[in-house]
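Novice: Here's my sequence, what's the structure:
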Amino acid sequence: MGDAHAPLDSLVHGPDPDGRTGRRVLDPAGGLRRPPPARGRTAARGDPGRRRDPPAAAVDDIAHHGPGPGADGDRHRRRRRGQRPPRPRNHRRGLRRRLSDALLRPGALRHRRALRRDSTRPGGGPVNSPVLAACTVALARPAAPPKPPAQGSTSTLVSAAPVERVDLTHEIVLFGSLRAEHTTLVRARVNGYLAEIPIEEGDLLEAGAPLARIAVPDLEADLAQAQADLARRAALADDARAGVLEAIAAQAVAAAAILQRRAGEQIAVAEREVIERELERLIEHALAARPELGAARADQRASEARARAAKIDWLVPSLSMQAAVGSMGDDLDDLERREVLSAALRWDLGAPLFGAAARARADNRAASLETERARRSTIHDVVSAWSASRSAAARILAAAEGVSVAEAALDLTLLRVEQGAGLLLEALEADLDLSRGRRTLVSAVGDFNRAQYALLRAVGGAD
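Specialist: Here you go, the predicted model:
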């Protein structure tokens, strides 16, 4: 198809390359082929009685425009009678050029051979040609509906496929390999095998995240054995400690029973009246000898005096006198002796007098309260120190009794060890009990001495 705007009739109808005329059919590659001959007798060339079919272009032109008046009407009438209209001189040359362009297109010869094979079959077949579709687009007006072929001739129908716009999807498959920029060699501190890898290739890890878990069965077995030995030794130590504590508790219970019995006897024998008189004597001595209590009493007496003076201060005027003897002149030799005597008498009346009296009464009340507080504090200190002294004395007696019991137990244990009935461990435990008893006795004596000193300070006998 050399000329894209050539009329369809000139491509469909025209002479063959060898000079023969007749209808041609477009093949898909743009070539032309002759339709199969009609069945029956065909008249020879130059036979006046040969029947000719009107060209398809003439039929289409008549169908679209109809016969016109004058010369055009005669031309259409000649076409209907089967006569060929006159053609220009260069028509055959242009048709040959367009036909040669169509035949020289790539693949035209292959499609012509295929169409010849198809034409040998009875009836032929429809041809869908992209060249025909292009020619259809190039036409400026729609074609008339095709008419059925004349009787005694065969033709092949040509259909055009619609042109649509579709989206093409391009897929690109690439193959490659990844290589880490930095690599690190990880070694384990112990020998074992990988039991678990909690991460996968491509995971993002944080600092300190575990990479793998290494199983070390040998070390785990050793650890389990060591833990079992430690637990067994701890159990033995707990049993021994429990036995010692039970023995100490039994001794403490026995000593407490003895002390309770003796304390009860002492309380029963002691006379409560003597104790009360002794405590009262200590309290009286403390109230008389404590310096802070004496100072509080002095402040109270002074505040009482100020309160009494404030009551009568407004009745008595105040007198003040000043005297100056001797003076010095401008020079060292200029000495003068002067005597100056001045006196002032003041008498305050009014509201300030009543305010001073109120302040004096408040000071007197505060002094009284401070004296009472000091008195009660002194009594509390004396009673506390006296109670602590008696408790320390009782603890001394109990510690002394405990030492005596521990000494007796040690002697008994040593005797049993000598006779083979006891263990050396029991003798060691008895010796430890004796040592603890003696330390308790020493501590009780120290507590008693501290309590005596506190009692002495409470009664005001020590600075």
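Novice: what stretches of the stretch 301-450 of the chain score poorly on pLDDT?
Specialist: In the predicted model of the stretch 301-450 of the chain, residues 307-358, 360 satisfy pLDDT under 70.
Novice: Quick check: the gap between Thr371 and Val383.
Specialist: 19 Å (CB to CB, to the nearest Å). In short, each C-beta sits where N, CA and C put it, glycine included.
Novice: more crowded one of those two?
Specialist: Each of Thr371 and Val383 had its neighbours counted (other CB atoms under 10 Å), and the higher figure belongs to Thr371 (20 against 16).
Novice: In contact with the more buried one, which residues?
Specialist: Residues near Thr371 by CB atoms under 8 Å, 6 or more residues apart in numbering: Leu293, Ala296, Arg297, Asp299, Gln300.
Novice: taking those one by one, which sit in helices?
Specialist: Among the contacts of Thr371, the members falling in helices (DSSP state H) are Leu293, Ala296, Arg297, Asp299, Gln300.
Novice: Throw the residues you listed into CSV and include distance to Asp229 and pLDDT, thanks.
Specialist: Converted to CSV, the ones in helices among the contacts of Thr371 look like this (distance: CB to CB, whole Å; pLDDT from 0 to 100):
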residue, distance to Asp229, pLDDT
Leu293, 70, 68
Ala296, 72, 70
Arg297, 76, 70
Asp299, 76, 72
Gln300, 78, 70
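Novice: Selection in ChimeraX covering whichever of those residues are buried, please.
Specialist: Here is the ChimeraX command that selects only those of the ones in helices among the contacts of Thr371 that count as buried (16 or more other CB atoms under 10 Å):
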select :293,296,297,299,300
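Novice: now, which of the ones in helices among the contacts of Thr371 sits nearest Ala207?
Specialist: Nearest to Ala207 among those, counting by CB to CB, is Ala296 at 72.0 Å.
Novice: what's the spacing between the closest one and Ala458?
Specialist: 16 Å.
Novice: Could you double-check that Asn364 lies in contact with Gln300?
Specialist: Yes: in this structure Asn364 lies within contact range of Gln300 using CB atoms under 8 Å: 7.1 Å.
Novice: residues near Glu206, how many?
Specialist: Neighbourhood size, Glu206 [other CB under 10 Å]: 5.
Novice: Any chance of the backbone angles for it?
Specialist: Main-chain torsions, Glu206, degrees, to the nearest 10: phi -100, psi 170.
Novice: so what's it scoring on pLDDT?
Specialist: Predicted confidence (pLDDT) for Glu206: 87.
Novice: number of nearby residues for Asn364?
Specialist: Using other CB under 10 Å, the number of residues around Asn364 comes to 21.
Novice: need the contact list for it.
Specialist: Asn364 touches Gln300, Ser303, Glu304, Arg306, Ala307, counting by CB under 8 Å, 6+ apart.
Novice: Just the closest of these to Leu425, please.
Specialist: Gln300 (69.5 Å).
Novice: For that closest one, which non-adjacent residue is spatially closest?
Specialist: Ala367 (3.9 Å; CB to CB, 6 or more residues apart in numbering).
Novice: which residues sit in contact with that neighbour?
Specialist: Ala296, Asp299, Gln300, Ala302, Ser303, Glu304.
Novice: Pull up the gap between the second one and Leu287, please.
Specialist: Summarising the geometry, the distance separating Asp299 from Leu287, computed by CB to CB, is 16 Å.
Novice: CA atoms only for stretch 168-181, dumped as PDB, please.
Specialist: Coordinates of each C-alpha in stretch 168-181 appear next as PDB, following Å, rounded to 0.1, in the frame of the first residue of the first chain:
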ATOM      1  CA  LEU A 168       0.400  -2.400  28.400                       C
ATOM      2  CA  THR A 169       2.100  -3.600  31.600                       C
ATOM      3  CA  HIS A 170       5.800  -4.100  31.500                       C
ATOM      4  CA  GLU A 171       7.400  -6.500  33.900                       C
ATOM      5  CA  ILE A 172      11.100  -6.400  34.600                       C
ATOM      6  CA  VAL A 173      12.700  -9.400  36.400                       C
ATOM      7  CA  LEU A 174      16.100  -8.800  37.800                       C
ATOM      8  CA  PHE A 175      18.400 -11.300  39.500                       C
ATOM      9  CA  GLY A 176      21.200 -10.300  41.900                       C
ATOM     10  CA  SER A 177      22.800 -11.100  45.200                       C
ATOM     11  CA  LEU A 178      23.300  -9.100  48.500                       C
ATOM     12  CA  ARG A 179      26.600  -8.700  50.200                       C
ATOM     13  CA  ALA A 180      27.100  -7.300  53.700                       C
ATOM     14  CA  GLU A 181      29.300  -4.200  53.900                       C
END
